[in-house]
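S.K.: output the structure for:
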Amino acid sequence: MDIIIRNIPENMIDKIDNIAKAEDLSRNALLSKLISDFVKSNDDFVVNILPPIVRALVNHGFVNIT
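M.R.: Reported below is the predicted structural model:
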């Protein structure tokens, strides 16, 4: 399935591309991995077993990436 994301600032695209290059991934593969990891991290089971400080750090990390 395709997802189209619009209105991403160019500087964010540059950062995404730099991360993808460092991870030896395509932009699409990196974004797919980020979305998948984000969904997994928000799974009720995972959220319930993580200590609050770890949840806060993970959520903060995702916010900084976007």
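S.K.: can we go C-alpha only for contacts and neighbour counts from here?
M.R.: Fine.
S.K.: show me where this protein has its helices.
M.R.: Listed in chain order, the helices of the chain (DSSP state H) span residues 10-22, 27-41, 44-49, 52-65.
S.K.: for those helices, which one sits closest to residue 3?
M.R.: helix 27-41 (9.8 Å; CA to CA).
S.K.: and the helices of the chain: which comes nearest residue 2?
M.R.: helix 27-41 (10.4 Å).
S.K.: any chance of the helices of the chain in a markdown table, plus distance to residue 3 and mean neighbour count?
M.R.: Below are the helices of the chain laid out as a markdown table (distance: least, CA to CA, whole Å; neighbours: other CA atoms under 10 Å):
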| stretch | distance to residue 3 | mean neighbour count |
| --- | --- | --- |
| helix 10-22 | 16 | 13 |
| helix 27-41 | 10 | 14 |
| helix 44-49 | 24 | 11 |
| helix 52-65 | 18 | 12 |
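S.K.: could those helices be laid out in CSV, adding mean pLDDT and distance to residue 1?
M.R.: Listed next are these as CSV, based on pLDDT from 0 to 100; distance: least, CA to CA, whole Å:
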stretch, mean pLDDT, distance to residue 1
helix 10-22, 94, 21
helix 27-41, 86, 11
helix 44-49, 67, 24
helix 52-65, 66, 23
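S.K.: any chance of those in TSV, with distance to residue 4 too?
M.R.: Formatted as TSV, the helices of the chain follow (distance: least, CA to CA, whole Å):
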stretch	distance to residue 4
helix 10-22	14
helix 27-41	11
helix 44-49	27
helix 52-65	18
